[in-house]
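1. Here is a sequence with its predicted model. Questions after.
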Amino acid sequence: MPVDADGADGSDLSPAARRLYAFAVERYAFTPAEATAALGARAGAAVTELAAAHLLQRAPGEEGPERWTAVPPRAAAARALAPLALLVRETHDEMDRLRGRLEALVPAYEAGAAHRDAGGSGRLELVTDLGAVRGMIAELVAGCERELLTSQPGGGRPQETLEEAVGRDESLLARGVRMRTIYQHTARYSRPTAAYVERVTALGAQVRTLGDGLMRMLIFDAHTGLMSVPDRQGAALVVREPSVVHFMTAAFERSWLGARPFPTTVSPEAAKSLSDELRQTIVRLLSEGLEDKVIARRLGMSERTCQRHIAEIMRAIGAKSRFQAGYLLSAATAGRPGKKDPAGPDGPG
């Protein structure tokens, strides 16, 4: 089948153009009048269409009526793609020039970084601009060679955040870098998060969930860490101090041991188990006197969902008020010192 101007299989050509092309390849040259006599009134438009697709050209060295001849499909594709091929070459040349200009600054950067680190500065850096934080994460992911550890509290992640992360993370995994991530149990009920987990685990990532006790952080090759900053939305603390990065890694590993694998589908039994565990954690946090919004934030759920759980707990223990519920739960915990922590194995790490 003939190739059109885009190098495709010719399926975008009109039926009349395909018939005319078959007519053309059976003879050395033809006139528009001959094409019209053979194919009908649409032959003129088909000539124009094929000429625009580089599949017809005027026959050279002929006097008299205008004559056309067929062009082989591969030759037509070469003519159509020549401007794009030139643009690609020019783009690659410009990329090489830009890369060269930027890489020429590497020695100065490395010398300055070595001087900065020798003086002990630069090991803790507060970045308050969200765009700068995202750029730094992209740079650290690109340079990660062995393992990326990620701890993400707050339940299911926003769709736009996952769309931004998935390509970057798939590239990381394709390079053979290990990736382990911890979410909260409530993330299991987020369809976008479950879809993201299914994609990255298929490439070798490991994902688990935990009820409470997570801090938001990323650790690259046990060398550089990023952690969220309380009450500074979008800000991050960049940590290069080895002892602090070691502490962050140890905290992640403790949470990882107590976390459960993230399944891409949640069975009714698993959902009930998680719901019971979340309720136990709410019981513990209530007994500590925490407010609804604080409990909701720590468990990665909406405040309304948290309040519904609290209302059910209050009915179960016969409490008339939230204050009374906290008192009864505290008394019950204090009166049974041998009883396990209501948070179970997924309490704070």
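-> Ah, there it is.

2. Pull the residues that contact the helix or strand encompassing Leu226.
-> Take DSSP states H and E as the rule and Leu226 turns out to sit in strand 224-228. With C-beta atoms under 8 Å, 6 or more residues apart in numbering as the test, strand 224-228 has contacts from 133, 136-137, 140, 215-219, 235-240, 244-245, 248-249. Using the backbone N, CA and C atoms, a C-beta is placed for each residue, glycine as well.

3. so the residue nearest the centre of the chain, which of the three states?
-> By C-alpha atoms, centre = their mean, the mean C-alpha position of the chain lies nearest to Val166, the distance being 1.9 Å. Secondary structure state of Val166, per DSSP: H, G, I helix; E, B strand; the rest coil, is helix.

4. mind starting the numbering at 224 from now?
-> Shifting the count to begin at 224 puts that one at Val389.

5. can I assume it is in contact with Leu426?
-> No. Val389 is beyond contact range of Leu426, at 10.4 Å (criterion: C-beta atoms under 8 Å).

6. just to revisit the earlier point, got a PyMOL select line for the buried ones in the contacts of strand 447-451?
-> A single PyMOL command selects the buried members of those (16 or more other C-beta atoms under 10 Å):
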select buried, resi 356+359+360+363+440+441+442+458+459+460+461+462+463+468+471+472
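
7. if you look at the contacts of strand 447-451, which of them are in helices?
-> Val356, Met359, Ile360, Leu363, Val467, Val468, Met471, Thr472 (DSSP state H).

8. give me the number of residues near the closest residue to Leu508 other than its chain neighbours?
-> In space, Leu508 comes closest to Ile518 once its chain neighbours are excluded; the distance is 4.7 Å by C-beta to C-beta, 6 or more residues apart in numbering. Per other C-beta atoms under 10 Å, the neighbour tally for Ile518 reads 22.

9. before we move on, back to that, in CSV: the ones in helices among the contacts of strand 447-451, plus distance to Glu421 and pLDDT.
-> Below are those laid out as CSV (distance: C-beta to C-beta, whole Å; pLDDT from 0 to 100):
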residue, distance to Glu421, pLDDT
Val356, 27, 90
Met359, 28, 89
Ile360, 22, 89
Leu363, 25, 91
Val467, 34, 93
Val468, 30, 94
Met471, 28, 94
Thr472, 27, 95
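
10. any idea how far Leu349 is from Arg242?
-> Distance of Arg242 to Leu349, given as C-beta to C-beta, to the nearest Å: 70 Å.

11. Report the distance from stretch 407-427 to the chain centre.
-> Chain-centre distance of stretch 407-427: 11 Å, with C-alpha atoms, centre = their mean, to the nearest Å.
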